[in-house]
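>>> Provided below are the primary sequence and the corresponding predicted coordinates.
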Amino acid sequence: MSYNEKELKIIKFWKDNHIFEKSIEQRPKRNPYVFYDGPPFATGLPHYGHILSFVTKDVFPRYWTMKGYRCERRWGWDCHGLPIESICERTLDIRQKNEIFEMGLKNFNEFCRSKVLWYTNEWKETVERMGKWIEFDNSYKTMDNSFMETVWYIFKKIYTEGLVYRGKKVLYYCPRCETPLSNSEISMDNSYKDVTEQSVISKFKLKNDPSTFLLAWTTTPWTLIGNVTLAINSKAIYVKVKIGDEFFILIKDQLNIVKENYEVIEEFPGSKLLNKKYEPLYRISNDADEKGYYVIDGGEEVLSDEGTGIIHVALYGEFDYEMIKKYDLPQIQHVDEQGKLALGPPEWIGLWFKDLDEVVLEDLIQKNLLYSSENYTHSYPFCYRCETPLIYNALDAWFIDIQQIKVKLLKTNEMINWYPKEIAKRYQNIVETAPDWCISRNRFWATAIPIWECEGCHAVKVIGSIKELQENAVEGVPDDVDLHRHIVDEIHLRCQNCGKVMNRIPEVFDCWLESGSMPYAAKHYPFENVEWFKTNFPSDFVSEYIGQVRAWFYYMHVISILLFDEIPFRNVVVNGNILAEDGTKMSKSKRNFPDPNQIIEKYGADALRIYLMSSQLMRAQDLNFKEEIVKQVYRRFNLLLINVLRFYSMVDINNSTINLADSRNIMDKWIISTLNELIGEVTLRMDDFDTSEVCRLVFSFVEDLSTWYLKNSRNRFKSELESKRLNAMNTLSYVLLNLAKLSAPLTPFISEMIYQKLKENNITNLESVHLESWPSYEEELINQDLQQKMELTKEIVKRTFELRENAKIPVRQVLQKVTIKGVDLKQEYLDLISQTLNVREVVVDNSPVEELSINLDTVITPELKLEGITRNLIRNLNNCRKKKKLSPSNRINLYISSNNEQILEALDLYENKIKKSIQADNIIKRITDQMETQIFKIDDNTVEVSLEIKN
Ligand SMILES: [Zn+2]
Ligand SMILES: [Zn+2]
């Protein structure tokens, strides 16, 4: 059976026997370990990032379940917002927002609903195949009415407390999706790209001095059409220079941008420029003519090391909007909601704002109002969904007042355990600089904002539940009313003030408000589950990749502070990003990463799990995905364990009580001590969410078990003395049982394989390792002195092997003596060394030295040579038996011939030993032509043999 098939068999076993459900049911309700699974979108296929998050969110719930907690896990789906809308627009070939109105909101929203759970089955398969346990089919969805009703409840509560306001703010805006985006949405998925554009310095003519120009620099020439003012720093020094017949004004510090010969005519403080009137480049409104086109003081935000020290101000920037408000200048949006020119030269109306850059540049050249232009590379934000360049736009929107709760957010952050710890500081910075939260989107497929506004007196009413809507609506509202926009837009209220009709405002919620409401909305709190909630909030554990620190984690925190003044989670594990092998972003079109399904098929889910869990991803650092390392992990962990298990299956073990106390053997005592120490350390690290250290410890133990313990215990498993055999078997059973439990959260498949094998041998009796409790260690079984001595022994063996290798003497050649200085080891360790190294004597030289030193006697006497040959013969002869498929009970007569004297001598001298080792009754030094023979070589000498089976 392939490894892949073995794992698939385990999945079937878990499913058939409802092991996941049992693992939860057997833990008491009063002892919960609360876990929130951040809901993903089902609009794409799961990738490595998702797999990482599946695994992280599986390992810890399994661990805490084994520790006796009830850890309920329920899947959820994110269903709303731009991601799904833009996919639907592409499918429907919609290019502009008004086409959605044309097809009808109902049709569009229902289309979105039909696509939202498109890849659910593929997700289910990957989740299952990775061994992630979760209640998948009974998932909550952010588009469920129950979910949306809770969002309404939460919003009304926040609104009632006076923390929601409508305001105009400069926000990033996608002119194609026609909606604002939040800063966190943009920085989360790194939507900034380096672009090279034309930056221009344009000439603004002074009104009373037509041969003098103010120079202003911009990277967005299209905004020049909407210019209303120029800002300078009144405290900085400016200069007036003469070039040819013209005079130019700019900040003194930036004189280096003037490339021509110039003459400084005057030097003066910026304050001298204040209120000077200038000619606009483009005339767009009377309002601007009356109130604008003069120089204002922008203070220190006008930098002296960039541009010209004179800032051109239009509505499209944060600083710009501040200045416009401060000086009561006209707010002119010369570009419309779709990014097209609405005000300006008539022949340009309707042009796309990005195309205007070129047009404006040409025009300024024509009019001799361009001082200079050059290529300029800077990072610019793009819509994370449709990749349209964003613009800063002053927009009417609804906000949650974050400034009022900032102190609480910062204070309560101290109660959150971030893993790794340094994220706490990063999070603190995010909170400190957080703007108010823009919660409205001018879109369609999301929870409708439950605000109704009066047509007459503009009074506002906020609705917090379906019941409240029913009580206030003019129309009849059914109990199961859908809270999506296309339905609730048709519902009206009656104004309590003036009696006129109230309409719902057109905006829908930012879907982060939904994600942040997940702890309550997934359970329809407080409409249901009020009791349950008391013991299931806050969460004990959440995890996501680092981009979610400023997104999901932040929004959950904000809402929980707004609702309860409490943190929503106690422990947060933050993952890094998985990149392609060359360190670039994984990209489907570039095919720069292996298909996850193929990786799983080749090496199994366990190998992928432990590869991810052992990596720096668990310390929030990025990882370049390397198949080669998955393969190494597979060999170093899975295959070693499979081999141990194979060995275990071959020895005859059937013993329901494991008595460890009987064994006096140092190998047994050592592996038991090492295991107990391992249990202690792994527990400590798991409590600290440090899986990379856990993996390191477990890897090293598996290596000890397979390459030291088993290798040096094989003979005892075959011993004719029952007590010896039993000790070895008991020890191995005990070690495997505890190792299966210890690695169950990380590698649930191989742990189950081990456990089921132990069950066959009656070592254990529960149905599955995942119904077991977490092992505890026994202090009295840990023997530090023994472990140190064993480490020393391993070191001596390792170094002596190196000496053998340097002398080119194979291990099978027995040697006379090794002399060790600088150690104090008892006879049992020396025996172990002698046996492992195939050296007759281990001599300890007690002359005082500080350091360990080893001297290997490499002289091969004729006698040693013969013994070496004998071993070699035995090994080769046993191979011959194997080739003839003989069983240990088959006795033989051995016919043998060789031209080498030493080989013949060895046959005589060690006849009995050889006979015993190969189950031969007679050795006859003769070969005839009729015999069927096999040939092998010893030190270049040919040996021909024939095995005659006697029974
Ligand atoms: Zn967009
Ligand atoms: Zn009214």
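Okay, I see it. Ligands and ions are numbered 1, 2, ... in the order given.

>>> any regions of this structure where pLDDT drops low?
Under the criterion pLDDT under 70, the flagged ranges of the chain are 189-190, 652-658, 661.

>>> what residues does it have near ligand 2?
454, 456, 457, 459, 495, 497, 498, 500 (C-beta under 5 Å from the ion). The C-beta positions use only the backbone N, C-alpha and C, and glycine is treated the same way.

>>> which of the residues you listed fall in strands?
With strands taken from DSSP state E, the overlap with the residues of the chain next to ligand 2 comprises residue 454.

>>> now do the helices in the stretch 601-750 of the chain.
627-633, 640-650, 666-687, 691-704, 714-717, 722-743, 748-760 (DSSP state H, counting those that start in this stretch).

>>> which strands and helices lie in contact with the third one?
Helix 666-687 makes packing contacts with helix 691-704, helix 722-743, helix 784-806, helix 827-837 when contacts are defined by 3 or more C-beta pairs under 8 Å, 6 or more residues apart in numbering; DSSP states H and E.

>>> how does it look with 10 Å?
Here helix 666-687 touches helix 48-66, helix 691-704, helix 722-743, helix 784-806, helix 827-837, going by 3 or more C-beta pairs under 10 Å, 6 or more residues apart in numbering; DSSP states H and E.

>>> the third one packs against which elements?
So that's helix 722-743. Helix 722-743 packs on helix 640-650, helix 666-687, helix 691-704, helix 714-717, helix 748-760, going by 3+ C-beta pairs under 10 Å, 6+ apart.

>>> those: which one's closest to ligand 1?
Among these, helix 691-704 comes nearest to ligand 1, with 37.8 Å by C-beta to the ion.

>>> tell me the buried residues in that closest one?
691, 693, 694, 695, 698, 699, 701, 702, 704 (16 or more other C-beta atoms under 10 Å).

>>> quick revisit: so which of the helices and strands packed on helix 722-743 is the most packed in?
Burial of the helices and strands packed on helix 722-743 is given as mean neighbour count (mean count of other C-beta atoms under 10 Å); helix 748-760 ranks first at a mean of 22.

>>> taking helix 48-66 as reference, get the angle to that helix.
When axes from the mean of the first three to the mean of the last three C-alpha atoms, to 10 degrees is applied, the directions of helix 748-760 and helix 48-66 differ by 40 degrees.

>>> helix 748-760 packs against which elements?
Under the contact definition 3+ C-beta pairs under 10 Å, 6+ apart, helix 748-760 sits against helix 3-16, helix 48-66, helix 596-614, helix 640-650, helix 722-743.

>>> mind checking which of those is nearest residue 876?
Among those, the nearest to residue 876 by C-beta to C-beta is helix 640-650 (22.5 Å).

>>> residues in contact with stretch 492-506?
166, 398, 440, 442-444, 448-461, 463, 469, 471-475, 485, 488-491 (C-beta atoms under 10 Å, 6 or more residues apart in numbering).

>>> who does residue 857 bridge with?
residue 817 (DSSP bridges).

>>> wait, residue 481 touches residue 468, no?
No. Under the criterion of C-beta atoms under 10 Å, residue 481 makes no contact with residue 468, lying 11.6 Å away.

>>> ok, which residues in this structure are in contact with ligand 1?
Residues of the chain lying near ligand 1 (C-beta under 5 Å from the ion): 174, 176, 177, 383, 386, 388.
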